[in-house]
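Peer 1: The following block contains a protein sequence and its predicted model.
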Amino acid sequence: MKIIYTDVLVIGAGLAGLRMAVAVQRRGQDAIVLSLCPPKRSHSKAAQGGMQASLGNMAKGLGDNEDLHFVDTVRGSDWGADQDVCRMFVNTAPKAVRELAAWGCTWSRITAGDHQVIINGEKVTLTERKECQGLLRQRDFGGTKKWRCVFASDGTGHAMLNAVSDRVIAEHIPVMERVEALALIHDGKRCYGAIVRDLVTGELMAYVAKATAMATGGAGRIYRVTTNAVICEGIGAAIALETGVAGLGNMEAIQFHPTGIFPAGILVTEGCRGEGGILVNKNGYRYLQDYGMGPSPWARAPTPSTATTSGSTSRCSASTTSSTTCAKSMTSATTSSASTRSRSGSRCVLPSTTRWAASARTTRASPAS
């Protein structure tokens with residue numbers, strides 16, 4: 001069996017895995033990335049909406065800062081998110097979007113002057129400042145108090161993944177395409193890499209590493225109808241669990257999106273609501289206001305009986321799960337549906353979440369009867 005040695009083995013070549021490999025390289029370590037498909041075909045590319053960062057560039061974002069972003073994120077999770085992670089995220093996000101811009105991500109930009117937007121179903125004219133001409137454009141997204149969603153037209157994931165993938169190429173980081181990790185190599189306490197199969201030739205190989213990082217995305221394909229790509233089967237989480245050493249956390253972090261088209265498995269991006277769209281049920285009623293997410297998003301205080309949330313990054317609604325939603329698990333553009341955690345000192349797996357790719361807020365509700 002062929003044996004390949006490296007410092008860090010990254011399993012998964014979405015936004016999380018590629019960005020992790022860049023970080024490893026920056027710290028003087030060698031990294032190898034394994035991927036089921038070519039990196040630019042990763043499911044990260046499917047993200048459309050945008051990425052939240054408190055830049056305060058737009059007229060509707062004046063005065064925005066990390067503290068306001070933190071409050072929005074924690075409230076948006078119904079106080080269920082890990083607040084240390086939220087704080088790290090909001091502090092890092094502005095740096096990350098600027099870094100992506102420097103790498104060539106084609107963010108939408110501000111045009112100074114008047115422009116019309118739709119707010120609560122009505123046309124409103126906003127005036128953007130001259131000094132903001134050419135800065136990163138932001139829009140309403142996820143019911144936040146400030147407009148802070150940075151986006152690249154209707155293909156944010158496409159633009160981000162291209163930029164990060166090109167960066168990996170520029171850094172000469174090897175990416176092994178069309179290979180599948182079958183099992184993790186470990187001694188019951190520590191992980192030493194993975195047994196990998198070449199999907200083209202069927203050859204088995206051993207990748208031996210000082211540290212192994214799981215960035216394999218979500219598991220939406222466990223559902224009958226999903227907007228996930230066919231590779232999003234949760235295999236990374238499964239092989240980590242099979243070790244008997246690593247535990248899985250936040251297994252409930254699956255997004256049931258209120259604008260998934262059932263049964264087609266096609267998602268209408270939340271960006272539609274960010275651009276002024278109104279979500280109603282079959283009777284024309286804006287039902288999200290019953291969950292504190294309508295015209296007055298923070299109208300109610302959290303109660304123990306309220307549907308709780310995970311530390312994920314988008315929103316769902318219980319009232320639509322039986323008829324209009326599709327399962328959409330978090331990938332690196334958001335977060336993994338089953339972030340793996342180490343146990344008993346094992347370095348078998350690292351969190352498979354992307355610290356800077358999250359965008360909107362998540363509310364997890366109980367399945368509809």
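Peer 2: Received it, and whenever you're ready, just let me know what you need.
Peer 1: what's around His172, how many residues?
Peer 2: Look at His172: counted by other C-beta atoms under 10 Å, it has 7 neighbours. C-beta: built from backbone N, CA, C; applies to glycine.
Peer 1: oh sorry, the question was meant for Ile11
Peer 2: The number of residues near Ile11, taken as other C-beta under 10 Å, comes to 29.
Peer 1: Pull out the buried residues from stretch 170-181.
Peer 2: Across stretch 170-181, burial judged by 16 or more other C-beta atoms under 10 Å covers Ile173, Val175, Met176, Glu177, Val179, Glu180, Ala181.
Peer 1: Using PDB, write down the CA coordinates of that stretch.
Peer 2: Written as PDB, here are the backbone C-alpha positions of stretch 170-181 (Å, rounded to 0.1, in the frame of the first residue of the first chain):
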ATOM      1  CA  ALA A 170      -1.100  29.900  -5.800                       C
ATOM      2  CA  GLU A 171       0.200  28.500  -2.500                       C
ATOM      3  CA  HIS A 172       1.100  25.200  -4.200                       C
ATOM      4  CA  ILE A 173      -1.000  23.200  -1.700                       C
ATOM      5  CA  PRO A 174      -1.700  19.700  -3.100                       C
ATOM      6  CA  VAL A 175      -5.400  18.700  -3.500                       C
ATOM      7  CA  MET A 176      -6.100  15.100  -4.200                       C
ATOM      8  CA  GLU A 177      -9.300  14.900  -6.200                       C
ATOM      9  CA  ARG A 178     -11.700  12.000  -6.600                       C
ATOM     10  CA  VAL A 179     -10.600  10.200  -3.500                       C
ATOM     11  CA  GLU A 180     -12.600   8.900  -0.600                       C
ATOM     12  CA  ALA A 181     -11.600   8.600   3.000                       C
END
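Peer 1: returning to what we had before: pLDDT for the buried residues of stretch 170-181 - can I get that in CSV?
Peer 2: Conversion of the buried residues of stretch 170-181 to CSV gives the following (pLDDT from 0 to 100):
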residue, pLDDT
Ile173, 97
Val175, 97
Met176, 97
Glu177, 96
Val179, 96
Glu180, 96
Ala181, 96
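Peer 1: Please, where are all the helices along the stretch 151-300 of the chain?
Peer 2: For the stretch 151-300 of the chain, the helices defined by DSSP state H, counting those that start in this stretch cover 156-170, 235-242, 271-274.
Peer 1: Mean pLDDT and distance to Ile11 for these - can I get that in a markdown table?
Peer 2: Converted to a markdown table, these look like this (pLDDT from 0 to 100; distance: least, C-beta to C-beta, whole Å):
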| stretch | mean pLDDT | distance to Ile11 |
| --- | --- | --- |
| helix 156-170 | 96 | 15 |
| helix 235-242 | 93 | 6 |
| helix 271-274 | 78 | 30 |
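Peer 1: Ok, which of those helices comes nearest Tyr287?
Peer 2: Evaluated over the helices of the stretch 151-300 of the chain, closeness to Tyr287 peaks at helix 271-274, with 13.3 Å, by C-beta to C-beta.
Peer 1: And the closest one, how far out from the chain middle?
Peer 2: Between the centre of helix 271-274 and the centre of its chain there are 17 Å (C-alpha atoms, centre = their mean, to the nearest Å).
Peer 1: now stretch 126-145
Peer 2: 22 Å.
Peer 1: Which positions within it qualify as buried?
Peer 2: Buried-residue list, stretch 126-145, by 16+ other C-beta under 10 Å: 128, 132, 135-145.
Peer 1: do stretch 55-63 as well
Peer 2: Along stretch 55-63, these residues count as buried under the neighbour rule (16+ other C-beta under 10 Å): Leu55, Gly56, Asn57, Met58, Lys60, Gly61.
Peer 1: if we can go back for a sec, dump the buried residues of stretch 170-181 into CSV; add distance to Ile239 as well.
Peer 2: Shown next, in CSV, are those (distance: C-beta to C-beta, whole Å):
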residue, distance to Ile239
Ile173, 23
Val175, 19
Met176, 16
Glu177, 19
Val179, 13
Glu180, 10
Ala181, 6
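Peer 1: so which pair among those residues is furthest apart in space?
Peer 2: Using C-beta to C-beta for every pair in the buried residues of stretch 170-181, the one that comes out farthest apart is Ile173 and Glu180, at 19.7 Å.
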